[in-house]
Each structure stands twice: as structure tokens, then as C-alpha cells.
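Asks: coordinates for the following, if possible.
(one chain, ligands or ions: 1)
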Amino acid sequence: MSHHPPNPPVIHSFASPEVLTSSLASFVVKAQKEAIDKKGRFTIALSGGSLPKQLSGLIGNHAVKWDMWQVFYADERVVPLDHPDSNHNLCTAELFSKVPIPTANIRTIDPTLLSDIEELSDAYEQELIREFAQKDAARFPVFDLILLGVGPDGHTASLFPGHELLAEEDRWVAYIEDSPKPPPKRITLTYPVINHALKVVFVAVGEGKAEILSEVLDSPEKGLPASRVKPVHPGQLFWFVDEKAAAKLRVPSQDFRL
Ligand SMILES: O=C1O[C@H](COP(=O)(O)O)[C@@H](O)[C@H](O)[C@H]1O
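Replies: A predicted model of the protein is given here:
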């Protein structure tokens, strides 16, 4: 247990989504280098929704060592891997189908377990345990980087406002059968896992995110799911937002106008 209070979030605001995309790629490559120099591998968790599109700056980027990546999902919908609702399907369409990442390095849910969500969730937790136990996990795994989005209701991964999963303190992976956003059945990394990562980055683009960004960052006392992401020391939380998403923010951000 860290005795340091969590660092305040670092908010990077970009003049356009294009500049954000290329800066995000540089950020990911730097995190990758630090991880590989230290441990010879890079562990990352990805979200679905609007996030995968923002990773296009990694395509054709020769600094990315895809064979050293171990990719997990911050959350996943309990549907077949080629289903339009699947976060893996989306990440494959936007990124993995365009880069030389070994398939074995992408850690999907087990599609043979779709009819038993509890077993599927436990199996995904075991997948994490196999990757992290004995390496860099104490009580919880320590991801090098987790990339998150935020929904209009303040949800992140599949952690929704007012849901009992917000209080989960033990499990690494949990399931939800009553997601207010379809599809209803999902699994998600829990806060203890998200908050033990070395770096967590929220990415939010467009005016549709302006209202919720202000609620999450200017009024954290409301306890919206995204406001509860507070990596424990030495972890650090970052926000990568474009000008439109940042339009209603009162907390200071660092402007990047490349
Ligand atoms: O349902 C989900 O929503 C969130 C937010 O999506 P966005 O489209 O508003 O960015 C996403 O981060 C999560 O992975 C997904 O399952």
C-alpha cells in the first residue's frame, strides 16, 4: 500500500484530433520503450468505443516493437470475437489488422465460454494471472499502460455509475450482466487493477465529450466512474483531449498546439 497520495492528473489538450493522435502515438512508444528497457516486454490494456481509432498513429510506426506487446482489454463485451459489438473486433479493424502484431500477443476473452459469463470472467482473470504473477504483480497486476475512454454518463471500461462493481476491491476481472449501455453482458478490469497501472490515459475527442469531461474533472467529488481512476503512487493519470472536448473544462490543461 502506497503512503503517497495519488498525483493529480496531467491534462494535455490538443488543437485537433490529428495532433492528438500523433502525440498519443509518441506517448505510447515512450511508455513501450521504458517498459521494454526495464523488463523486456510491454503490457497494455485497450478499450473499445472511440479509443481504437485514436491509435492510428501507431500504424506504420517503426519504433513500435509489436512482438514485445502483451495486449489485454480494459473491458470486453460478451459476444463472439468477430461480432460488431466486440471491442476486440473493433481494435482488430482499426489497428491489429494493419500492424505486424503476433496474434498470440493479443489476449482475448475465451470465445468458447460465452454461455457462462462467470467462467469466462474467471478465465480472463487467470489469463492475467498467467501474465503477471511472479513477474510484476504483488496483490494486483501492474500494467505498463491502460488506455481508457469515457462515456457520456461518466462510465469507463465497463464500470457504470451507481453499479455495485464500483466497490469491487478483490477481483482483477469482474462481470456485469445489466450494463445500461448495450450489450448488457460484459467483463471489465476492476479499479484495483486500473489504479495499479504505471500509466493510465483517458482519450476524449469532440464536443460530445465536453460536458462529461467537465463533470469528471471539475467535480470529482461526484464520484463518477471515470473520476475514480486515481493510480496509486508511482502511477500517473493522463488525459489526452482535443480542444472541443476541453471546451468546458475549468481545471488547467497544458496546451499542445503543434
Ligand atoms: O462501452 C464502452 O464505452 C466506453 C466509452 O466509449 P466511447 O465510445 O464513449 O469512447 C469504452 O471506453 C469501453 O471500452 C466500451 O466498452
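
Asks: so where do the strands sit in the stretch 51-200 of the chain?
Replies: 69-73, 75-77, 145-148, 173-176, 186-189, 199-204 (DSSP state E, counting those that start in this stretch).

Asks: mind saving the C-alpha coords of the first one as CSV?
Replies: This file holds the C-alpha atoms of strand 69-73, laid out as CSV (Å, rounded to 0.1, in the frame of the first residue of the first chain):
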residue,chain,number,x,y,z
TRP,A,69,3.5,-6.2,-26.7
GLN,A,70,1.1,-8.2,-24.5
VAL,A,71,-2.4,-6.7,-25.1
PHE,A,72,-5.4,-7.1,-22.9
TYR,A,73,-8.7,-5.5,-22.9
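
Asks: of the strands of the stretch 51-200 of the chain, flag the one that's most buried.
Replies: strand 186-189 (a mean of 28; mean count of other Cβ atoms under 10 Å). Quick note: C-beta positions are derived from backbone N, CA and C, even for glycine.

Asks: OK, contacts around the residue of the stretch 101-250 of the chain found nearest the ligand?
Replies: At 2.9 Å from the ligand, Gly149 is the closest residue in the stretch 101-250 of the chain, using Cβ to the nearest ligand atom. For Gly149, the contacting residues are Ser47, Gly48, Gly49, Ser50, Leu51, Thr156, Phe202, Val203, Ala204, by Cβ atoms under 8 Å, 6 or more residues apart in numbering.

Asks: isn't the fifth one up against Leu147?
Replies: What that stands for is Leu51. Yes. Between Leu51 and Leu147 there is a contact under Cβ atoms under 8 Å: 5.8 Å.

Asks: residues in contact with both of these two, list them for me.
Replies: Val203.

Asks: re the thing from before, so can I have TSV of the strands of the stretch 51-200 of the chain showing mean pLDDT and distance to His4?
Replies: What follows is the strands of the stretch 51-200 of the chain, written out as TSV (pLDDT from 0 to 100; distance: least, Cβ to Cβ, whole Å):
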stretch	mean pLDDT	distance to His4
strand 69-73	98	26
strand 75-77	98	28
strand 145-148	99	19
strand 173-176	98	27
strand 186-189	98	22
strand 199-204	98	16
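
Asks: from start to finish, how long is stretch 147-158 in a straight line?
Replies: Start and end residues of stretch 147-158 are separated by 13 Å (Cα to Cα, to the nearest Å).

Asks: got the confidence number for His4?
Replies: Looking at His4, its pLDDT is 85.

Asks: Asp255 now?
Replies: Per-residue pLDDT puts Asp255 at 68.

Asks: give the contact list for Leu81.
Replies: Leu81 touches His88, Asn89, Thr108, Ile109, Pro111, counting by Cβ under 8 Å, 6+ apart.

Asks: of the contacts of Gly149, which are in range of the ligand?
Replies: The overlap between the contacts of Gly149 and the neighbours of the ligand (Cβ under 6 Å from any ligand atom) comes to Ser47, Gly48, Gly49, Ser50, Leu51.
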